[in-house]
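A.B. asks: got a sequence here, can you build the structure:
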Amino acid sequence: MMDVFGVALTPVTTLWTALGFGCVSLAVANLFRSRWWRKLIALISIPVFLAAAFCGINADFGAYRNLNDTLGVVPYRGLDLHAERGEVVAGTDWKATVSDPAGDPPAVPAKGEVGTVRIPGTESRFPAREAVVYLPPIALTANPPALPVLYALSGQPGAPADMFTAGGVATAMDAFAKTHGGYAPIVVAADQLGGPGRNPMCVDSRDYGNSATYLLADVRNWVRSHLRVTGDPAGWGCSATRRVPPALCSSRRSARISSDPRSRPRASWGRRWGTRS
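C.D. replies: This is a model prediction of the structure:
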């Protein structure tokens with residue numbers, strides 16, 4: 001199967017694609033020089049064959065869990081920031097940045113929270129949709145520490161919520177936090193597309209808007225002004241699907257996303273928490 005979308009297709013997807021084309025071709029052939037009832041069955045069969053192929057391919061990819069995902073309905077409410085506030089703290093010793101280190105150890109929830117936020121394109125004027133943000137369990141306490149930040153970018157077509165609904169980012173972060181005392185990165189799934197049918201390629205352009213400026217300036221400024229985060233570039237990173245240009249998530253871009261654009265990332269979060277990454 002040709003690599004049309006830059007993604008290697010699995011045998012299951014290849015099979016469903018071949019079956020879909022084959023069945024639709026058979027139905028179209030029956031529209032000509034056939035009796036009326038065969039034409040009727042062929043017309044009814046075409047959307048059925050297409051729907052069956054779509055469901056089979058989707059079951060393999062896992063892109064849409066239900067009808068709401070297919071229609072683009074975001075299943076998350078507005079994010080409650082709890083005790084979070086805008087503050088940039090130097091260093092990557094997360095536990096030492098707790099607001100009240102001398103107080104009693106906080107009661108850490110079992111799971112983090114996911115919610116939507118509106119990040120305006122103040123500098124870029126980019127028409128972004130609502131972002132989806134994950135706060136780890138330790139960020140929900142009364143005295144949250146300064147935490148690392150992870151950008152999670154969906155591919156196109158897609159939306160910020162896809163990283164959580166289809167990508168399972170919150171589940172993965174909760175599992176990480178469970179073995180690290182509630183500590184995990186804050187995940188920000190911002191909208192670098194501006195719509196499901198748009199693909200600015202994460203750059204500033206006249207036709208599709210200033211996507212790069214939105215991510216590197218507006219989103220960063222919102223994070224720094226609303227959350228307690230580290231100012232060290234080693235604590236800022238980017239994760240994306242294969243449909244996002246890899247240059248955006250390079251170490252140089254990660255440094256520009258962070259609070260200090262002159263520096264490069266120097267260490268992984270896993271090593272900072274005493275684990276291997």
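A.B. asks: doesn't Leu150 make contact with Val229?
C.D. replies: No: Val229 is not in contact with Leu150 according to CB atoms under 8 Å; the separation is 10.8 Å. Heads up, the C-betas are built off the backbone N, CA and C, glycines and all.
A.B. asks: more neighbours: which of the two?
C.D. replies: In this view Val229 and Leu150 are compared by other CB atoms under 10 Å, and Val229 has more residues nearby, 27 against 21.
A.B. asks: one step back: who touches both of Val229 and Leu150?
C.D. replies: Ile186 (CB atoms under 8 Å, 6 or more residues apart in numbering).
A.B. asks: quick one, strands of the stretch 1-150 of the chain?
C.D. replies: Using DSSP state E, counting those that start in this stretch, the strands of the stretch 1-150 of the chain run over residues 87-89, 113-117, 131-135, 149-153.
A.B. asks: any chance of those in TSV, with distance to Tyr183 and mean pLDDT too?
C.D. replies: Shown next, in TSV, are the strands of the stretch 1-150 of the chain (distance: least, CB to CB, whole Å; pLDDT from 0 to 100):
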stretch	distance to Tyr183	mean pLDDT
strand 87-89	14	89
strand 113-117	15	96
strand 131-135	12	97
strand 149-153	13	93
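A.B. asks: of these, which is nearest Ala175?
C.D. replies: Closest approach to Ala175 among the strands of the stretch 1-150 of the chain is made by strand 131-135 (12.6 Å; CB to CB).
A.B. asks: next, the angle from the closest one to strand 113-117.
C.D. replies: Strand 131-135 runs at 150 degrees relative to strand 113-117, counting by axes from the mean of the first three to the mean of the last three CA atoms, to 10 degrees.
A.B. asks: which outside residues touch strand 131-135?
C.D. replies: Against strand 131-135 from outside (CB under 8 Å, 6+ apart): 74, 76, 79, 81-82, 84, 112-119, 160-161, 163-164, 169-170, 173, 186-191, 219.
A.B. asks: residue farthest from the centroid of the protein?
C.D. replies: In the chain, the residue that sits farthest from the middle, by CA atoms, centre = their mean, is Arg35; the gap is 50.9 Å.
A.B. asks: what backbone torsions are found at that one?
C.D. replies: Dihedral pair for Arg35: phi -70, psi 160, per degrees, to the nearest 10.
A.B. asks: quickly list what Val229 is bridged to.
C.D. replies: On the basis of DSSP bridges, Val229 is bridged to Val88, Leu147.
A.B. asks: cool, and Gly115?
C.D. replies: Beta-bridge pairing for Gly115 (DSSP bridges): Val133.
A.B. asks: how about the contacts made by it?
C.D. replies: Gly115 touches Tyr76, Arg77, Gly78, Leu79, Asp80, Val132, Val133, Leu135, counting by CB under 8 Å, 6+ apart.
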